[in-house]
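[1] starting from these lines, generate the structure:
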Amino acid sequence: MSAAREVTYGADGLTMVGYLAQPQGGGPWPAVLIGHDGIGLHDYQRRRADDLAAHGYVALAMDYHGGQLFSGRPEAMLARTMPLIGDADRMRAIGHAALDVLLTVPGVAPERLAALGYGAGGRIVLELASAGVPFKAVAVVHPGLPDASAEDWTSVTGTFLVCTGSEDPLCTPDQVLTFSRALQDAGIDWRVNVYGGAKHAFWAQPTNPDGSPTGGNTHTKATVPGVGYHPAHTARAWRAVLDLLDETFGTLSETA
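    Numbers count the residues shown, from 1 in each chain. The predicted model follows:
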């Protein structure tokens, strides 16, 4: 059994509305900070938090848009997100505000900390890692990657997983190779999964205006170029994330 609730907190001059899921019982539990995609805190990331709680983790899906969801509004999303990912200090402040909430949850083991980020949320958790947050594992899915050099990562000790699509114009294999070279030169344990044919935000299932699934793989709402749903790779990427966490923390259960 697990429980979930919304949590509000201040960051970036906004009231953020995060989503906290946790196992029943007193812990201690490892904890996962989740960063959402640029469109906002989506039900998909909430479900990932629920799934992690069912696996024995306390999971907080942060918010960095003040409760807004930009689905179908790519221009508004870019106007909010692009200045954010151009400001490392701002990203770190937003990430630390959410991390502070997560670390105050009763039963969290602060020495057993991991991060999971999608798109721009991946960039936020990477900024936290490079700034010294002691994540034991960091998984990023179609992330916004920084211009990194080995010197940026020499103090990092966690294991990194990058999942991206071969057809993603916003997180290309070439960008991933450059980033992974920086990790390699810094002596970090890393791995990359490139999913053949997948585009950006390949987890995002197309929906009708009423929120129901379209039943297809093509988005009917406006998106940024290069976005496409790939259900098989969505499931594969999630299994890869769980494998990384299991390897790092051991197989958990709610009775652990």
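[2] which helix in the protein has the most residues?
    The helix that spans the most residues within the chain, counting by DSSP state H, is helix 231-249.
[3] CA atoms only: put that helix into PDB for me.
    Coordinates of the C-alpha atoms in helix 231-249 are reproduced here as PDB (Å, rounded to 0.1, in the frame of the first residue of the first chain):
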ATOM      1  CA  PRO A 231       4.600   3.000 -26.200                       C
ATOM      2  CA  ALA A 232       7.100   0.200 -26.500                       C
ATOM      3  CA  HIS A 233      10.100   2.500 -25.800                       C
ATOM      4  CA  THR A 234       8.200   4.200 -23.000                       C
ATOM      5  CA  ALA A 235       7.900   0.800 -21.200                       C
ATOM      6  CA  ARG A 236      11.500   0.000 -21.900                       C
ATOM      7  CA  ALA A 237      12.800   3.300 -20.600                       C
ATOM      8  CA  TRP A 238      10.800   2.800 -17.400                       C
ATOM      9  CA  ARG A 239      12.200  -0.700 -16.900                       C
ATOM     10  CA  ALA A 240      15.700   0.800 -17.300                       C
ATOM     11  CA  VAL A 241      15.000   3.400 -14.600                       C
ATOM     12  CA  LEU A 242      13.700   0.700 -12.200                       C
ATOM     13  CA  ASP A 243      16.700  -1.500 -13.000                       C
ATOM     14  CA  LEU A 244      19.100   1.400 -12.100                       C
ATOM     15  CA  LEU A 245      17.300   2.000  -8.800                       C
ATOM     16  CA  ASP A 246      17.200  -1.700  -8.000                       C
ATOM     17  CA  GLU A 247      20.900  -2.000  -8.700                       C
ATOM     18  CA  THR A 248      21.700   1.100  -6.600                       C
ATOM     19  CA  PHE A 249      19.500   0.500  -3.600                       C
END
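[4] now it: how far from the chain's centre is it?
    On the basis of C-alpha atoms, centre = their mean, to the nearest Å, helix 231-249 sits 13 Å off its chain's mean C-alpha point.
[5] and for H142, the neighbour number?
    29 (other C-beta atoms under 10 Å). In this view, the C-beta of every residue, glycine as well, is placed from N, C-alpha and C.
[6] could you find the closest non-adjacent residue to it?
    C171 (4.9 Å; C-beta to C-beta, 6 or more residues apart in numbering).
[7] repeat for A204
    Of all residues apart from its sequence neighbours, Y229 sits closest to A204 (C-beta to C-beta, 6+ apart), at 6.0 Å.
[8] assign a three-state SS to the one you found, would you?
    In the three-state summary, Y229 is assigned as coil, counting by DSSP: H, G, I helix; E, B strand; the rest coil.
[9] list the contacts for I39?
    The neighbours of I39, taking C-beta atoms under 8 Å, 6 or more residues apart in numbering as the test, are 69-71, 77, 201, 204.
[10] would you list the phi and psi of it?
    The phi/psi pair for I39 (degrees, to the nearest 10) reads phi -70, psi -20.
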